[in-house]
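> what follows is a predicted structure for the sequence shown.
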Protein chains: 2
Amino acid sequence: MWPSSRLTELLNIEHPIIQAPMAGFTTPEMVAAVSNAGELGSHGCAMISVDRFRSEMHQTIAATNRPVNMNFFVHEPPKNNPEKNQYAVDLIAPLFEEFGLGAVPDIVPNHFPFDDDMLEAVLETRPAVASFPFGMPEQSAVAALKDAGIIVLSSATAVCEAVDLEQRGCDAIIAQGWEAGGHRGTYLSTEEGARIGTMSLVPQIVDAVSVPVIAAGGIADGRGIAASFALGASGVQIGTAFLTCAESATSIAHKMALLTAHDDDTRITKAFSGRLARGLNNRYVELLAEHQENLPDFPLMNTVTGPLRKHSVAIDSPDFVALYSGQSVTLNRELSAELLLKTLIEEAQALIYP
Amino acid sequence: MWPSSRLTELLNIEHPIIQAPMAGFTTPEMVAAVSNAGELGSHGCAMISVDRFRSEMHQTIAATNRPVNMNFFVHEPPKNNPEKNQYAVDLIAPLFEEFGLGAVPDIVPNHFPFDDDMLEAVLETRPAVASFPFGMPEQSAVAALKDAGIIVLSSATAVCEAVDLEQRGCDAIIAQGWEAGGHRGTYLSTEEGARIGTMSLVPQIVDAVSVPVIAAGGIADGRGIAASFALGASGVQIGTAFLTCAESATSIAHKMALLTAHDDDTRITKAFSGRLARGLNNRYVELLAEHQENLPDFPLMNTVTGPLRKHSVAIDSPDFVALYSGQSVTLNRELSAELLLKTLIEEAQALIYP
């Protein structure tokens, strides 16, 4: 039914499609809808506490008995740099004043890097799959996950990262092309060098590793899925296309922006989290374009911008929302997750087996 | 024999593959070898005079009676900015001293934008195809070319450019993805926005225009060709893969660099010509990385760097050569143009019709 069954067999799913974990946008409902349809639903857990993870994991497995993927950020704790903090506050303060939002909040982390407590919660709740976008956790954690029968996925933005992931025991590698929306997964290569388009990245990673490769970045319809198989991938990961699904927690302002955007409207920016991510251009991204290198470490920027983003969402304005989006944004459709998946599979099959 | 025959019929070729025009690297021998093999050979004429164009065109048609493509740059004449010129000279002077190259030469254009004299020479020598990487020539020139039965191609790096090209009478549009080596063709969209990967660019352009679309950027083997057809393209344009062919005028230093490069070694830089282009990182690119926005207008930088590049080539050093390369560089092979094409077609056919 597909040119390669390596990924469907590894993950025990019917169709080789992974709905991308997108912290802040995925919901237990979306994950369950995707997994129940025979693909792999993924939940972005980078911005939730261990307690909330447990509760959302229970919600998810109550709604599906199929495999699900839980996604966690592995990263260095941010350094507290008072100079950079002040620089960020000074940049943002005029906007808080403009919208009557009071004082800019203190800079504190609101992400939860994968730690021992989270590992324990994962081992206890046993998602079928755990994934890590910025490189693998420590070897002991990987061993514990694999001993528990949990499949481990991670993403590579260059061949050197794919080779490293395979050596660390990663079961399948997501080749994250330059087109992808959201955070860049680059962790070993260079910021400038690892901007590799999906068309280039996938075959070069396929040639370099022996585990299955999952294409990601710019895939939004059956054409992208068929193309990914031609490039040697065993499956695809799709993110932006799910942001306009009914089950997604995407704000109205963000959905409207996605449905009216042009192909050349996305930018790579550190403006929202302090780490490179792709989203649609807006007033905030333009304002901060020249200050990107002076911002506090990832993910500290998230805290200062919180009230501004909430205000923007509340008034249905795209101006200060993190409008995460990949480059294939004009291909987005407003469908339920189930109908989107059905359409994707029909389109891909018609191209692969005409 | 191919999923779409629109391009092969339009261009009167057997296989829907265009060898990319690469000014300074293509030769009449390469163009003829490719066209004689049943694909479209292309010659980059941006850096040759009208007289030399006539002579190389005669050499080419003496070696093949199949269709050939002649490629010209359409661009604004550079403004002479003494301040920027001095800035460039000051940057480069220490390198001229290091290698005993004497004084930095005066800044003068060494490119030949498409003008009335070149148009006359083209109309007289009648290549089957004329192509233009930075937008179309004036309407009267396009009309004259088309009246003479010459097929006109141009490239788009975003949907808005593809729509513009179709309106101006372009017969088929090259969708130049971010992965592509050499100069970016961006002429209407923004430098930041039009960095769209091939996986995203091709289907979005296919949806927006009715003329055939040619995928370019990151295509270096049969996998890329098959993927391009899945995305809706009617053919492909391949550049970097031909730079290591025997018939290419590529320097030894450049060929060696291509054959030993990694996927994440390319950079987008204005350092060589003053216009964004992709090539392998080297000492020169790193030295000029922070000065890119202060350089003289395209293509003036070419003149100041000429002696430095020649010296680097003479001592087989990659340090100061413009090592143009796309992102799929690790897929390059050292074959004759004819054997490379035979291999590409066999690989693609095996994937398209397994």
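Ah, there it is. Note that this is a predicted model, so its numbers are computed, not measured.

> all contacts plus neighbour counts: C-alpha atoms, from now on.
OK.

> for chain A, what lies in contact range of chain B?
Selection of chain A residues close to chain B by Cα under 8 Å from any Cα of the partner chain yields A:158-159, A:178-179, A:189-190, A:192-201, A:203-204, A:217-219, A:223-224, A:226-232, A:263-267, A:327-328, A:330-331, A:351.

> change it to 7 Å
When proximity is defined by Cα under 7 Å from any Cα of the partner chain, chain A lies next to chain B at A:158-159, A:178-179, A:192-194, A:196-200, A:218, A:223-224, A:226-228, A:230-231, A:263-267, A:327-328, A:351.

> show me those residues that map onto strands.
Judged by DSSP state E, the subset of the residues of chain A next to chain B located in strands is A:266, A:267.

> report the buried members of the residues of chain A next to chain B.
A:158-159, A:178-179, A:193-194, A:196-200, A:218, A:223-224, A:226-228, A:230-231, A:263-267, A:327-328, A:351 (16 or more other Cα atoms under 10 Å in any protein chain shown).

> nearest spatial neighbour of the residue of chain A found nearest chain B, chain-adjacent residues omitted?
Shortest chain A-to-chain B distance, computed as Cα to the nearest Cα: residue-wise this is residue A:227, at 4.0 Å. Leaving aside its sequence neighbours, residue A:227 sits nearest to residue B:227 (Cα to Cα, 6 or more residues apart in numbering or on different chains; 4.0 Å).

> surely residue A:211 is within a helix?
No: Residue A:211 is assigned coil when assessed by DSSP: H, G, I helix; E, B strand; the rest coil, not a helix.

> residues near it, how many?
Neighbour count of residue A:211, defined by other Cα atoms under 10 Å in any protein chain shown: 20.

> next one: residue A:83
Counted with other Cα under 10 Å, residue A:83 comes out at 12.

> run through the residues that contact it.
Not one residue lies near residue A:83 by Cα atoms under 7 Å, 6 or more residues apart in numbering or on different chains.

> so it versus residue A:304, what's the distance?
Look at residue A:83 and residue A:304: by Cα to Cα, to the nearest Å, they are 15 Å apart.

> give me the pLDDT value at the residue nearest to residue A:227.
pLDDT recorded at residue B:227 is 98.

> run the chain-centre distance for stretch A:244-255.
Chain-centre distance of stretch A:244-255: 15 Å, with Cα atoms, centre = their mean, to the nearest Å.

> give me the buried positions along it.
Buried residues in stretch A:244-255 (16+ other Cα under 10 Å): A:244, A:245, A:247, A:248, A:249, A:250, A:251, A:252, A:253, A:254, A:255.

> likewise stretch A:305-315?
Applying a neighbour-count criterion of 16+ other Cα under 10 Å, one finds A:305, A:306, A:307, A:308, A:309, A:311, A:312, A:313 buried in stretch A:305-315.

> who's in contact with the host helix or strand of the fourth one?
Just to be clear, that refers to residue A:308. Using DSSP states H and E, residue A:308 sits within helix A:301-314. If you take Cα under 7 Å, 6+ apart as the criterion, helix A:301-314 is touched by A:96, A:104-110, A:251, A:253, A:272-274, A:318-321.

> of these, just the buried ones, PyMOL syntax please.
Buried residues within those, by 16+ other Cα under 10 Å, are selected in PyMOL with:
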select buried, chain A and resi 96+104+107+109+110+251+253+272+273+274+318+319+320+321
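
> sort out for me which of the contacts of helix A:301-314 are in helices.
Among the contacts of helix A:301-314, the members falling in helices (DSSP state H) are A:96, A:253.

> quick one on the thing from earlier: in helices, which of the buried ones among the residues of chain A next to chain B fall?
Among those, the ones falling in helices (DSSP H) are A:159, A:198, A:199, A:200, A:223, A:224, A:226, A:227, A:228, A:230, A:351.

> what sits against residue A:163?
Residues counted as contacts of residue A:163 (Cα under 7 Å, 6+ apart) are A:208, A:209.

> mind exporting the C-alpha coordinates of whichever strand or helix holds it to CSV?
Using DSSP H and E, residue A:163 maps to helix A:159-167. What follows is helix A:159-167 as a C-alpha-only set of coordinates in CSV (Å, rounded to 0.1, in the frame of the first residue of the first chain):
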residue,chain,number,x,y,z
VAL,A,159,23.6,14.8,7.8
CYS,A,160,26.0,15.2,10.8
GLU,A,161,23.0,15.4,13.1
ALA,A,162,21.3,12.3,11.6
VAL,A,163,24.5,10.3,12.0
ASP,A,164,24.8,11.4,15.6
LEU,A,165,21.1,10.5,16.3
GLU,A,166,21.5,7.1,14.9
GLN,A,167,24.6,6.5,17.0
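
> going along the chain, name the helices of the stretch 1-150 of chain A.
A:6-11, A:28-36, A:50-63, A:82-98, A:116-125, A:139-147 (DSSP state H, counting those that start in this stretch).

> can you get me the start-to-end distance on stretch A:322-342?
29 Å.

> please disregard the earlier target; I meant stretch A:186-202.
Stretch A:186-202 has its terminal residues 15 Å apart, counting by Cα to Cα.

> give me the below-cutoff pLDDT ranges for the stretch 1-150 of chain A.
Scanning the stretch 1-150 of chain A for pLDDT under 70 picks out A:110.

> which other residues reach the helix or strand encompassing residue A:284?
Residue A:284 belongs to helix A:283-288 when assigned by DSSP H and E. With contact meaning Cα under 7 Å, 6+ apart, helix A:283-288 is reached by A:271, A:319, A:320.

> one more pass at 8 Å, please.
Contacts with helix A:283-288, where a contact means Cα atoms under 8 Å, 6 or more residues apart in numbering or on different chains, come from A:269, A:271, A:319, A:320, A:321.

> backbone dihedrals for residue A:172, please?
Note on residue A:172: backbone dihedrals following degrees, to the nearest 10 are phi -160, psi 150.

> how much space separates it from residue A:245?
According to Cα to Cα, residue A:172 stands 27 Å off from residue A:245.

> and residue A:195, by the same measure?
Distance, residue A:195 to residue A:245, using Cα to Cα: 28 Å.

> and for residue A:63?
Residue A:63 is 18 Å from residue A:245, by Cα to Cα.

> can you pull the contacts of the nearest residue to residue A:180 once chain neighbours are set aside?
Residue nearest to residue A:180 in three dimensions, not counting chain neighbours: residue A:217, with 3.7 Å by Cα to Cα, 6+ apart. Taking Cα under 8 Å, 6+ apart, we find residue A:217 in contact with A:176-181, A:197-198, A:237-238, A:326-327, B:199.
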